[in-house]
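> here is my input, please return the structure:
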Amino acid sequence: MSTISDTTELSNQVDTLAAYLEKQVTGFQGPITARKFPDGQSNPTFLIQAASGKYVLRRKPPGELLKSAHAVDREFRVMMALSETDVPVARPLHLCSDEGIIGSMFYLMEYVDGRVMWDPALPGAQPGERRAIYSEMTRVLATLHSVDIEQVSLSNYGKPGNYFARQIDRWSRQYRASETETIHAMEYLMQWLPANMPDDDGQIALVHGDFRLDNMLFHPTETKVLALLDWELSTLGHPFADLAYQCMQLRMQSGGIMPGLGGVDREALGIPTEREYVAAYCAQRGISSIENWNFYVVFSFFRFAAILQGVKQRALDGNASSAKAKEMGSLARPLAEMAVDLC
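Residues are numbered from 1 along each chain as shown. Down below sits the predicted model:
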């Protein structure tokens, strides 16, 4: 069996993969080389360089996995559905469910030549460029949440209604399944969130689930988003969950392994405040205001802490996709404590 290891290079069985893709993808031609992208905490992602050009391959990680996690087939499905909309995505090319090819399910998509911006403070940019980048992010998010899910055949992509109730239950169970120590703040949040959940207002949209700056590929010289990446956590849900999740990340302190804008003079940098950013999104969607904003932010902290606890467990089990996984996983406790401070 050919396998892709989590080292920098693809195993020496790339010929098997090349032969398979030549039969499945129109125009694909080997030989190929493969190199793993160093970042990403979940599904290992590889740059495939072939005689016919560059491609990107995403696969399930090796080892025992949590139920419903790492669903690369769902990623492929949603990207296929969005490829004919105004939401910028990399064009998906082929899904392989035969684990005998490289050891796990994977899909191939086009390679998009663009910029990844890792630091939300956008060092090196001018204030006008920073404003334009944040404006573009609100445009992409509002465009995503405006997609007609029935028209793109995604009406069964998730369960309608009671999104936050289902998410709180799901991530509480996922947290328990990957728990490595007692985090009292998480125990508190698992009680507080159900007790303070707002009534379901009936809003249903396609949500990305991990909407943030470094999950977007920007044009090499312009402030235009060419592709929104990493659809693993996408589902049908409440649109404010995506918005609050991004604002939650921007509240984190600058510097560190996951930099935010906490303590940063946004005005001097030309970056909108959280209030301005939310207002810009609302204007794009034709919404006058958002009630219960604090709940959505607290929920985002809790959910992210649960996700990072899973990252920590995979690091301890030796199945993590990134060398930074253990350090990332250590953020679960402080994130949960930040959420409790907002309750």
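
> keeping just the C-alphas, turn the lowest-mean-pLDDT helix or strand in the chain into PDB.
For the chain, counting by mean pLDDT, DSSP states H and E, helix 325-329 ranks last in confidence among helices and strands (a mean of 75). Extracted in PDB, the C-alpha atoms of helix 325-329 (Å, rounded to 0.1, in the frame of the first residue of the first chain):
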ATOM      1  CA  ALA A 325       0.200  21.200  17.300                       C
ATOM      2  CA  LYS A 326       1.300  20.700  21.000                       C
ATOM      3  CA  GLU A 327       1.800  24.500  21.400                       C
ATOM      4  CA  MET A 328      -1.500  25.200  19.700                       C
ATOM      5  CA  GLY A 329      -3.200  22.700  22.000                       C
END
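
> in what helix or strand does Val340 lie?
Assigned by DSSP states H and E, Val340 falls within helix 332-342.

> send the alpha carbons of that helix over as CSV?
Output of helix 332-342 as CSV, limited to C-alpha atoms (Å, rounded to 0.1, in the frame of the first residue of the first chain):
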residue,chain,number,x,y,z
ALA,A,332,-7.4,25.4,25.1
ARG,A,333,-7.2,26.4,28.7
PRO,A,334,-6.5,30.2,28.3
LEU,A,335,-9.2,30.5,25.6
ALA,A,336,-11.8,28.9,27.9
GLU,A,337,-10.8,31.2,30.7
MET,A,338,-11.1,34.2,28.4
ALA,A,339,-14.7,33.0,27.6
VAL,A,340,-15.6,32.7,31.3
ASP,A,341,-14.4,36.3,31.8
LEU,A,342,-17.1,37.4,29.3
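
> pLDDT of it, averaged?
Along helix 332-342, the predicted local confidence has a mean pLDDT of 94.

> now the helices for the stretch 201-343 of the chain?
Counting by DSSP state H, counting those that start in this stretch, the segments of the stretch 201-343 of the chain that form helices are 239-251, 266-269, 274-285, 293-317, 325-329, 332-342.

> can you give me the offset of the shortest one from its chain's centre?
Taking C-alpha atoms, centre = their mean, to the nearest Å, the mean C-alpha location of helix 266-269 is offset from the chain mean by 26 Å.
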